[in-house]
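1. Any chance you can model this:
(chains A, B, C, D, E and F)
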Number of protein chains: 4
Amino acid sequence: MRILDETKRLVSMASTRQTIGPPPASRRSERARRAILEAADDLLVENGFANLTIEAIAARAGVGKQTIYRWWPSKAAVLMDALGEDLVEHLTPADRDGVEAALREHLGALARFLALSEAGAVYRALVGQAQHDPEMAATFRNEYLQPLRERELAILERGVARGELPTDLDLELALDQLVGPIHHRVLVTGEPAGGEFVDRLVDRFMAGARR
Amino acid sequence: MRILDETKRLVSMASTRQTIGPPPASRRSERARRAILEAADDLLVENGFANLTIEAIAARAGVGKQTIYRWWPSKAAVLMDALGEDLVEHLTPADRDGVEAALREHLGALARFLALSEAGAVYRALVGQAQHDPEMAATFRNEYLQPLRERELAILERGVARGELPTDLDLELALDQLVGPIHHRVLVTGEPAGGEFVDRLVDRFMAGARR
Amino acid sequence: MRILDETKRLVSMASTRQTIGPPPASRRSERARRAILEAADDLLVENGFANLTIEAIAARAGVGKQTIYRWWPSKAAVLMDALGEDLVEHLTPADRDGVEAALREHLGALARFLALSEAGAVYRALVGQAQHDPEMAATFRNEYLQPLRERELAILERGVARGELPTDLDLELALDQLVGPIHHRVLVTGEPAGGEFVDRLVDRFMAGARR
Amino acid sequence: MRILDETKRLVSMASTRQTIGPPPASRRSERARRAILEAADDLLVENGFANLTIEAIAARAGVGKQTIYRWWPSKAAVLMDALGEDLVEHLTPADRDGVEAALREHLGALARFLALSEAGAVYRALVGQAQHDPEMAATFRNEYLQPLRERELAILERGVARGELPTDLDLELALDQLVGPIHHRVLVTGEPAGGEFVDRLVDRFMAGARR
DNA sequence: TCTTAAGCGAGACGGTACGTCCGGTCTTGAA
DNA sequence: TTCAAGACCGGACGTACCGTCTCGCTTAAGA
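-> Got it, this is the predicted structure:
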């Protein structure tokens, strides 16, 4: 977590508050909020998810436990906020070049993000937690995965619009074929998903798409 | 966990004992071992991983906690043993028909296993836990995923041998393209990976493979 | 334990806290403290020391175990606090009459306290525990036995002051001669130490003292 | 524990076996029996009663736990057997000299035994345990304290027979007056009960007895 | 002399309690 | 009101022992 601007703050709060009405937030300590998110981020990277406790976050952040419970419903919610804009920063594909180049760039960035970045460690922890906690899984998908997926679909849509991809292409399926193997390597087999892997993935996809 | 024959027992013990030398195990209570694995399985399905505790397993199995700690190093190790032969039972592709039919059948079974079966719930919990615990992840991959992957590679190898797939096909990549999207749907997006999805996945794969 | 006034509370806290500096204690729950001491007292009388566990005390008191461990270093320390003022209540000799009457009264009260009262059961358990735990023994002697002994010595000193006892009397030895046999009967031989026994003890003591 | 002859062995077994019929005992391993008693004795002196466990005794003695449970009903019973003849060895007053000398000698031996000897440590542990376990207390008194007390009474009886003590002396009370203060110092106050203390105790007793 | 049944070392078993950690709630006093 | 601090009740953790139970083995008795 590196940049936490006001926009993001309002978004994240809206999604993680349990009560309906928005919190007053006027009184909320910005200092405490940032310290908590940074402490969570740091502790996850240093000690792993298993040793990430609310008490440790509070202690590291120099904050009372209640201040965490007041604003986030769970440890996972803190991490989601800590992940924050990182998904947007790392994974917003540029609208240039052709589909093929755009896919190579974006999927390469995705693979690097997932496997190498600190934010990727947070992401993996959240996916792991989502396997144990259906409610948290729903929030994570709606707030973080869905927007990303829409940006990814836009790459393909632009390809169709430019005539680089057939109009009858099943975009959802196509995206799963591109993005699925990368996730599979990172989350399941643990094998490296480097540039060469991504390149051949795109090669085969484009060959199949062009028929 | 449904069948716990002697073969499985010896396999699982070899994998979960921390010391190198094989345990005497002659003294080990088979009754307790089965009760523990069944209790873990049942409790996971009933209450989810988050509420699965060693204490609850012991209580449900009518067993002392020490009996669990004596033979398994962690909750995840118990679940791995509980998963046991299920991966083999559900996911051993038959050696018949052509590649295409074999893939349809196996990937369909995989999708159903992951999303619908009780053993699939154990599998998902283990993948989730693996995101938080690198050591456990390594064991899980070596003991459970690797054998499965080899059986899957054999499908493709048979296809190559029969001339149904090109000889220069990158089998690892091909497998990731087939298996990755299914895992992605189940573990990440949570969208259904039904028969139609699998069929179109195979359609596009075979189209691309045949050029 | 019947009365737990503020004085006793401050005394007991001072003696059972392991760190030097006084605890803030302002945050401490008086309700929990009293419930714990009463539960310990009751359980000792009902089940005996052997069956007195921290867990049972916590359960009976409706308190978390940690609340006990936070304020007392051991089961024996809880019992010492539960004994508390009882030693003062039962065993503070009045400053009236002559030595002989005072001794008869006080030693009778001592024998009844040790053998018959509920607080006496706590006292015996603590003496028993002191045989196994030298550190606890030291605390018990300093905090509880020493003040009592001083009150007992005062009886004899008053006797000397009034000319009822010789000035060259070894008061420590004299006290051991009076108090030792009673303890011996209660703690070692288990024989009754009734009024007649105490009376003859005093008879012989006074006869010897007057030469 | 130093000498464990056959007489003692039969006595101790008779008193500690829970079942009515005597055990065959012919099969009993003398090696194991001695190793257990020595291990118990050593561990008590080294680690104190609190850390004396059946498992530790068995491990130290190189013996299975069952071998202990087969022959003794409790840890205290093992210790009683380990104490064994020591009471007789240390505390059998000789039948010579006058009462006064005999008392000085015996009470001095008693004080040294209680406070200084290894067997005294066992004795104190047993008295401590007796405060928590009435059944064990009864056995201890019957088997060990009563015979000692009778030997002690014999000293006084000889004094009466020789005309050194008045015939109307209450021997039980007299004995408590002599032996009680020593126990009190060792078990309760923890103050030293050295030779001078014993001497003055006897002085005062003889003065009172002669009137 | 040869069973054969016991005692034996070993240690797994079902349990109970230990003392610790942390979750999530509540309370206090300062800002 | 929020905040830092931290006590509170609850509950799971992983460990230590309890007392019981089997397992092979050794070993002394009597058939």
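
2. what's the following helix or strand after the one helix or strand in chain A whose mean pLDDT sits lowest?
-> Ranking every helix and strand in chain A by mean pLDDT, DSSP states H and E puts helix A:6-16 at the bottom, with a mean of 45. Counting by DSSP states H and E, the element after helix A:6-16 in chain order, helix or strand, is helix A:30-47.

3. burial measure for A:Ala161, as a count.
-> Neighbour count of A:Ala161, defined by other Cβ atoms under 10 Å in any protein chain shown: 12. Heads up, the C-betas are built off the backbone N, CA and C, glycines and all.

4. now swap in A:Ala32 and tell me
-> A:Ala32, neighbours per other Cβ under 10 Å, totals 18.

5. Next: A:Val188.
-> 22.

6. pLDDT at whatever residue of chain A ends up closest to chain C, what is it?
-> Nearest residue of chain A to chain C: A:Glu55, at 13.2 Å (Cβ to the nearest Cβ). We note a pLDDT of 97 for A:Glu55 in this prediction.

7. element containing the spatially most central residue of chain A, please.
-> Centroid-nearest residue in chain A, with Cα atoms, centre = their mean: A:Leu87, separated by 4.4 Å. Taking DSSP H and E as the criterion, A:Leu87 maps to helix A:86-90.

8. any residue of that helix up close to chain B?
-> No - under the criterion of Cβ under 8 Å from any Cβ of the partner chain, chain B is not reached by helix A:86-90; the shortest gap measures 13.2 Å.

9. list the buried ones in that helix?
-> A:86-87, A:90 (16 or more other Cβ atoms under 10 Å in any protein chain shown).

10. Stretch A:200-211 now?
-> A:201-202, A:204-206, A:208-209.

11. got those as a markdown table, with pLDDT columns?
-> Output for the buried residues of stretch A:200-211, formatted as a markdown table (pLDDT from 0 to 100):
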| residue | pLDDT |
| --- | --- |
| A:Leu201 | 96 |
| A:Val202 | 96 |
| A:Arg204 | 92 |
| A:Phe205 | 93 |
| A:Met206 | 93 |
| A:Gly208 | 84 |
| A:Ala209 | 80 |
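
12. so for the helix holding A:Leu87, what's the average pLDDT?
-> 85.

13. Just the CA atoms of it, as PDB, please.
-> The C-alpha coordinates for helix A:86-90 follow below in PDB (Å, rounded to 0.1, in the frame of the first residue of the first chain):
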ATOM      1  CA  ASP A  86      -2.700  -1.200  -5.900                       C
ATOM      2  CA  LEU A  87      -4.900  -3.300  -8.200                       C
ATOM      3  CA  VAL A  88      -5.700  -0.200 -10.200                       C
ATOM      4  CA  GLU A  89      -2.100   1.000 -10.200                       C
ATOM      5  CA  HIS A  90      -0.500  -2.200 -11.200                       C
END
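
14. Against which helices or strands is it packed?
-> helix A:118-130, helix A:146-161 (3 or more Cβ pairs under 8 Å, 6 or more residues apart in numbering or on different chains; DSSP states H and E).

15. Convert the C-alpha atoms of the first one to CSV, please.
-> In this case it means helix A:118-130. In CSV, the C-alpha atoms belonging to helix A:118-130 read as follows (Å, rounded to 0.1, in the frame of the first residue of the first chain):
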residue,chain,number,x,y,z
GLU,A,118,4.2,-7.0,-2.1
ALA,A,119,0.6,-6.2,-3.0
GLY,A,120,0.5,-9.6,-4.8
ALA,A,121,1.2,-11.2,-1.4
VAL,A,122,-1.8,-9.4,0.0
TYR,A,123,-3.8,-10.5,-3.0
ARG,A,124,-2.8,-14.2,-2.6
ALA,A,125,-3.6,-14.0,1.1
LEU,A,126,-7.1,-12.7,0.3
VAL,A,127,-7.8,-15.3,-2.2
GLY,A,128,-6.7,-17.9,0.3
GLN,A,129,-8.9,-16.5,3.0
ALA,A,130,-11.8,-16.3,0.5
